[in-house]
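# Sharing a model prediction with you, sequence too.
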Amino acid sequence: MADLSGGREVLAVAVAPPGEAPPAFQYSPDSVAGADGEIDPTEITFRGCFCRTSSCVVDVCSCLSHGESYNSLCLRPTDKEEEYTRPVFECNTMCQCSESCQNRVVQRGLQFRLEVFKTEKKGWGLRTLEFIAKGRFVCEYAGEVLGFNEARRRIQAQTSKDSNYIIVVREHLHNGQIMETFVDPTYIGNVGRFLNHSCEPNLFMVPVRVDSMVPKLALFAATDISAGQELSYDYSGRCHNLPMTNREEKSLQEDKRLRKPCYCGSRICASFLPWDGSLFSTLDTSSGSSP
């Protein structure tokens, strides 16, 4: 069986149908510094914990100051409403705990057999070849981590025929500031680049920090997922592909070529893919809208 990752993942990534393959790109299981060299996601800046146990515990481990993130490899909800709003910091390279620590999940890479496959209307997609329980980590959305100016340059250079892989993740900090992360797996990336949008997704994205403040964009199962099922997430970063705001509608009217049809087939399909006009702005700072 062909391995799309070329042996770079813990588990081989299958491709279907046999004999076909997606357009060439450089496979990397982790994000890398972008061509602009503005941000290096591989830099280690966190000190690490001093736990000398096989697995870290809350109130002792400095990496768990925001609370326990995982329970039996599953992401723990923040409250009874199953909201996942707690910041996630995994133990890192500098930590003294063991590699088997329960606070090391995303950094271990793929834990389920996945397959890149050709869809009927959406180009290439990604599906699981085995059952995935709700809350389990599925894959990272890895690629080049860019600065705002380079991300804007790339997206403004795209034509209506080009696929847009650039994702913008905005995190609202307690001091009112907004932290932005731009990841582009167009040229360098992993299996996450093949995930299609759905207005009723079975995955959700959580920024997970390991060695530094540059997050890994980790995708977790929003529900139990059966073998053979296509994997998807909401490109807007919200629970569902909601109607556009007045601001988004106004921006869209200025350039209608940007809105692309959605083929997710969901009963609540919004008919078009989520759209964020911040990278088309002529300003030096982005709009601060949702991802």
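In hand now; what should we look at?
# going forward, measure contacts between C-alpha atoms and count neighbours the same way
Fine.
# pLDDT at A12, what is it?
The per-residue pLDDT reported for A12 equals 97.
# So which residue of this protein lies furthest out from the middle?
Largest separation from the mean C-alpha position in the chain: R52, at 31.4 Å (C-alpha atoms, centre = their mean).
# State the distance from that residue to V88.
Taking C-alpha to C-alpha, to the nearest Å as the measure, R52 falls 21 Å from V88.
# What of I166?
Shown here: I166 relative to V88, a distance of 23 Å by C-alpha to C-alpha.
# of those two, who's got more company?
When neighbours are counted by other C-alpha atoms under 10 Å, V88 comes out ahead of the other of I166 and V88, with 23 against 20.
# Show the contacting residues for that one.
When the contact criterion is C-alpha atoms under 8 Å, 6 or more residues apart in numbering, the partners of V88 are 66, 69, 207-209.
# try 7 Å this time
Contacts of V88 were listed using C-alpha atoms under 7 Å, 6 or more residues apart in numbering, and they are 69, 208-209.
# Could you do M179 as well?
Taking C-alpha under 7 Å, 6+ apart as the contact definition, M179 lies against 170-172.
# Quick check, R209 in contact with K216.
Yes. In this structure, R209 sits in contact with K216. The criterion is C-alpha atoms under 7 Å, and the distance is 6.0 Å.
# in stretch 94-106, what's buried?
With burial defined by 16 or more other C-alpha atoms under 10 Å, the residues of stretch 94-106 counted as buried are 95-98, 102-106.
# I'd like to know how far the closest residue to R52 other than its chain neighbours sits from N190.
On the basis of C-alpha to C-alpha, 6 or more residues apart in numbering, the spatially nearest residue to R52 that is not a chain neighbour turns out to be C97, at 5.2 Å. Using C-alpha to C-alpha, C97 is found at 28 Å from N190.
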